[in-house]
Each structure stands twice: as C-alpha cells, then as structure tokens.
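K.L.:
Dropping a prediction and its sequence here:
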Amino acid sequence: MYKEHSAFEKPSDDDIKIWRYIDFTKFVSLLDKQALFFARADRFSDPFEGSYSKANIKLRPIMYNDISEDSFNEMQRQFSSFSKENRRFTIINCWHMNDYESAAMWNLYLKSNEGVAIQSTFKRLTESFLDYAEHDVYIGTVKYIDYETEWLPEGYSFYPFLHKRKSFEHERELRAIIQKFPTRGNEIDYTQEIFDIGAYITVDLYTLIEKIFVSPTAPKWFSDVVKSIVNKYDLKKEVIQSSLAEGPVY
C-alpha cells in the first residue's frame, strides 16, 4: 500500500490534477488487469536515470572529510556499484502534474492519435493502492537540478530517482516508486532478479480514475470505441473528447 517517506515530497495540494498519457493498448491493459505498470528504472530511455550528479563526485571529499582516504575511496566505489545495480530493483510509474491537459504531453507520449489520458489526483493515486499489500508504494514529486553544479541528496536509495536534469522540467513529474532488494543473509544478492522489465501493480480503478480524455486528434469512431470499452468494464467514468484541437473563435 501507499506509505509516506521522508525522501518523498508531496505536492502542496493533495487534489492537484495528475495525468497519464497512454496509447489505446496500454489503456485496455490497464482496465483488463486493473493494474498500473511500473517500469524497471534501467529500462528508461534517460541514461541518467538513477545516477548522481557530477557535483556529488566533486563535493563528496568535503561532505565526508571525517573519514580516511582509504575508507573514502571504498565508499566511492560502493556508491558507483550500488547506483548501477539499484536501477534493476527499482520500478516506477510516472504522472504529469497540471491543472489542464498538456498539448506537449499528448505529442510526447503518443505515437499516433489513438490514445487517451487518464486524469486523476495525487490523493486518488495514493488511495488507489489501499488494497495492495505485496510491496510498499511511495509517491512524490521529481526535483529538477543542474547535474553539473547541484548536490543530489544522499542517504536514501530513492533520491536518484526523485531527481532529474533541468532539461526535463517540462514533464512536471510525479512518481510512484517501489524498491525491493533480494538478499542472501544480511547482504543484497545482486545475482537475483525480482522484477523482469517491470511489474503490474494492482489498483482500485474507480478510485484512481477521475476522468478519461481521448486524444484531441482522434476520430469520432475512436472516441466511441473508448466509451464502449469503458462500459464493457463497467467503469462508469466520464469519457471526454479533448478540445485542444478545436478551432479558434474570432
């Protein structure tokens, strides 16, 4: 279920609108499985996913100046090794925070006009995991920093997944994150796999979904298909054709 954690910063408004832009096949999968797909962090396209900033490398000698040189070098080695492996044991589900639909997000996340946007809220997302018990789910906003000059917090293995480069600020991302490390005795066993390419995490769809928006450029027949699928799964949620493609009024 959802749990709070000091590494995760909540939005200032629990009722802030959040959006997930997905193609039609992923939408059907969501309804059929009644589960959100959490992708493994090392499968993301951003090569910086799960990494620390260059500033961390430069500033660590200052931040950890109370330990010996040998201990510091060993710590650096362990940081690097763990950070790379950590991505395999971290799965993430991403949302966009915005009071309104985003034309940029429609274009960024859909390869065709046959897609939908799930509109929810931060509060709805947290409450949708109430009946899920297999893993703890943590949810928080992503912070965007300059990886050349800014310190990325250390101390929790979640931090590298709650920070991204400033060039991604347009995403205004909210992340739901699960971490699970395989162990052998008291140590992490890096030879094991817990997640394949990710995992489907069960949610209460009625709680999660507030409204469903159909792509602004989708034909009417596609909108009708989406409504039919929603009715088939007895979801009883409003399906709205996006108005972003409507012409201006002069």
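P.N.:
Looks like it came in fine.

K.L.:
got the residue ranges for the helices in the chain?
P.N.:
For the chain, applying DSSP state H gives helices covering 24-33, 54-63, 69-86, 103-109, 122-127, 205-208, 220-232.

K.L.:
Which one of those lies nearest to Glu154?
P.N.:
Each of the helices of the chain has some distance to Glu154 by C-beta to C-beta; the shortest is helix 54-63, at 7.0 Å. C-beta coordinates here come from the backbone N, C-alpha and C atoms, glycine included.

K.L.:
That closest one: which residues count as buried?
P.N.:
For helix 54-63, a neighbour-count test (16 or more other C-beta atoms under 10 Å) marks 55-56, 60 as buried.

K.L.:
go on, stretch 178-192?
P.N.:
Buried residues in stretch 178-192 (16+ other C-beta under 10 Å): 178-179, 181, 190.

K.L.:
what residues are up against the nearest residue to Ile212 once chain neighbours are set aside?
P.N.:
In this structure, Ile212 finds its nearest non-sequential neighbour in Val239, 4.8 Å apart by C-beta to C-beta, 6 or more residues apart in numbering. Shown in contact with Val239 (C-beta atoms under 8 Å, 6 or more residues apart in numbering): 211-214, 223, 226-227, 230.

K.L.:
ok, Val239 to Tyr138 distance?
P.N.:
Distance of Val239 to Tyr138, given as C-beta to C-beta, to the nearest Å: 31 Å.

K.L.:
what's the answer for Phe82, then?
P.N.:
Going from Phe82 to Tyr138 by C-beta to C-beta gives 18 Å.

K.L.:
More neighbours: those two, which one.
P.N.:
Counted by other C-beta atoms under 10 Å, Phe82 and Tyr138 do not tie: Tyr138 has more neighbours, with 20 against 13.

K.L.:
That one and Ser6 touch, don't they?
P.N.:
No - the pair Tyr138 / Ser6 is not scored as a contact, 10.2 Å apart, by C-beta atoms under 8 Å.

K.L.:
hey, what's the residue nearest the centre of the chain bridged with?
P.N.:
With the centre of the chain defined as its mean C-alpha position, the nearest residue by C-alpha atoms, centre = their mean is Cys94, 2.4 Å away. Cys94 forms beta bridges with Arg175, as assigned by DSSP bridges.

K.L.:
one step back: narrow the contacts of Val239 to just the buried residues.
P.N.:
212-214, 223, 226, 230.

K.L.:
Let me have those residues in JSON lines, adding pLDDT and distance to Lys143 as columns.
P.N.:
As requested, the buried ones among the contacts of Val239 are exported to JSON lines (pLDDT from 0 to 100; distance: C-beta to C-beta, whole Å):
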{"residue": "Ile212", "pLDDT": "97", "distance to Lys143": "30"}
{"residue": "Phe213", "pLDDT": "96", "distance to Lys143": "27"}
{"residue": "Val214", "pLDDT": "96", "distance to Lys143": "32"}
{"residue": "Ser223", "pLDDT": "94", "distance to Lys143": "37"}
{"residue": "Val226", "pLDDT": "97", "distance to Lys143": "34"}
{"residue": "Val230", "pLDDT": "97", "distance to Lys143": "35"}
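
K.L.:
In a markdown table, list those along with distance to Arg87.
P.N.:
Compiled in a markdown table, those are given as follows (distance: C-beta to C-beta, whole Å):
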| residue | distance to Arg87 |
| --- | --- |
| Ile212 | 32 |
| Phe213 | 32 |
| Val214 | 34 |
| Ser223 | 38 |
| Val226 | 34 |
| Val230 | 35 |
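
K.L.:
how about stretch 21-40: buried residues?
P.N.:
Under the neighbour-count criterion of 16+ other C-beta under 10 Å, stretch 21-40 has 21-24, 27-31, 34-40 buried.
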